[in-house]
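> curious how this folds, go ahead:
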Amino acid sequence: MLKDKIREYGADFLLFLVALAWGSTFFIVQEAVDSTPVFIFLFWRFLFASLLMAVFSYKRVKKIDLQTIKAGFVLGLFMFLGFAFQTFGLTMTLSSTVAFLTGLNVIIVPFLLYILFKTKASIYSIFGALIAAVGLYFLTYGGSLGFGLGEFYAFICAVMFALHIVFTDRYSKRYDVMLLVVIQLFVVAVFSLFSSLAFDGNFMPSHIDSTLVYALIVTVLFATVFAFGVQTAMQRYTTPAKTAIIFTMEPVSAGVFGYFFANEILSAPQLFGAFLILFGMVSAELGTYFREKRRGEYVC
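This next block holds a predicted model:
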């Protein structure tokens with residue numbers, strides 16, 4: 001049991017590093033997509049990432065089967081739809097609103113777990129998720145919340161990312177992790193290619209500069225290969241509800257990196273929101289630990 005808990009906390013820490021990786025690349029990506037359409041950027045990001053993962057996984061090709069391909073396709077589809085609806089949402093409403101609604105996947109995950117698989121999250125995970133959601137509001141939101149088409153797209157984005165977390169938990173315990181990562185990254189690349197042709201009429205950037213090259217290198221290595229590889233591998237040892245809470249650290253780390261490297265200012269409400277997110281994450285971790293210690297049982 002102690003060995004399992006150490007492995008679980010190790011997985012949670014690595015997922016925390018994933019959230020840091022995503023947050024640290026936010027302002028870098030933002031600069032790149034100012035001159036390169038989002039779907040074109042996503043195509044090259046995920047194409048290079050899938051090819052790099054394929055190099056690492058070539059010895060595992062003999063393990064591939066139709067079920068693994070289906071699982072990877074499902075994960076890739078959810079991931080792509082999350083990015084796509086987020087992009088459409090950003091064209092119709094405030095980025096702070098999209099960030100807040102996207103982050104609501106933290107409270108969607110426990111409901112999906114119960115609806116799809118009748119799995120109940122612990123009261124500590126639910127409490128931590130609610131606290132993190134309130135923190136997200138203060139961290140990312142600055143106005144009155146309406147609900148138009150842009151907000152609807154952002155909410156669908158949150159559902160897609162929540163589904164990705166839930167099904168990653170399910171599939172990573174059944175199929176080869178490396179193959180799952182390769183397939184889902186390639187699926188995102190293919191859908192991004194079709195989308196770039198449909199919405200931008202091209203899949204090549206209009207110009208290639210140091211900003212684009214740097215953004216691709218950083219996002220391919222850290223925000224894609226490392227991040228999705230670790231997520232797929234580590235979710236086998238922790239729970240979807242805790243994973244969603246840990247991932248709320250992405251906007252927190254984005255704010256911190258933006259403050260130190262992009263001269264962005266964090267207001268008092270944003271700092272309070274960051275504190276609430278940290279408090280929610282710690283509550284979920286400590287709550288399950290003390291409950292297990294008291295009752296000698298493990299809950300998700």
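> roughly how far does Ile217 sit from Val230?
Counting by CB to CB, to the nearest Å, the gap from Ile217 to Val230 is 18 Å. Just so you know, the C-beta spots here come from the backbone N, C-alpha and C atoms, and that holds for glycine as well.
> who has more neighbours, the two?
It is Val230, of Ile217 and Val230, that has more neighbours when counted by other CB atoms under 10 Å, with 18 against 13.
> right, and the more buried one touches Leu17 too?
Yes. Using CB atoms under 8 Å, Val230 is in contact with Leu17, at 7.1 Å.
> could you give me the buried positions within stretch 263-275?
Within stretch 263-275, the residues that count as buried by 16 or more other CB atoms under 10 Å are Gln270, Gly273, Ala274.
> what about the first one, which helix or strand?
Pointing back at Gln270 there. In the assignment (DSSP states H and E), Gln270 maps to helix 268-295.
> quick check: mean pLDDT across that helix?
Helix 268-295 comes out with an average pLDDT of 81.
> counting by contacts, list what that helix packs against.
Contacts of helix 268-295 with other secondary structure elements, assessed using 3 or more CB pairs under 8 Å, 6 or more residues apart in numbering; DSSP states H and E, are made with helix 2-24, helix 123-140, helix 240-247, helix 249-261.
> quick one, which of the ones you listed gets closest to Met281.
When those are ranked by distance to Met281, counting by CB to CB, first place goes to helix 240-247 at 5.2 Å.
> from the rest of the structure, what touches the closest one?
Outside helix 240-247, the residues within contact range by CB atoms under 8 Å, 6 or more residues apart in numbering are 12, 15-16, 18-19, 22, 105-106, 108-110, 113, 121-122, 125-126, 128-129, 132, 162, 165-166, 168-169, 231, 235, 280-281, 284-285, 288, 300.
> in PyMOL, select just the buried ones from those.
Selection of the buried residues among the contacts of helix 240-247 in PyMOL, burial being defined by 16+ other CB under 10 Å:
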select buried, resi 12+15+18+19+22+105+106+108+109+110+113+121+122+125+126+128+129+132+162+165+166+168+169+231+235+280+281+284+285+288+300
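> quick one: low-confidence parts of the chain?
With pLDDT under 70 as the threshold, the chain has low-confidence stretches at 1-2, 141-146, 288-300.
> now with 50?
Filtered on pLDDT under 50, the chain yields the residue ranges 297-300.
> returning to what we had before: can you list the buried residues of stretch 263-275 in CSV and add distance to Ala99?
Formatted as CSV, the buried residues of stretch 263-275 follow (distance: CB to CB, whole Å):
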residue, distance to Ala99
Gln270, 11
Gly273, 11
Ala274, 13
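> can you report phi and psi for Met92?
The main-chain torsion angles of Met92 are listed as degrees, to the nearest 10 and equal phi -120, psi -10.
> host element of the closest residue to it other than its chain neighbours?
Beyond its immediate neighbours in the sequence, the residue positioned closest to Met92 (CB to CB, 6 or more residues apart in numbering) is Gly150, lying 3.0 Å away. Following DSSP H and E, one finds Gly150 within helix 149-172.
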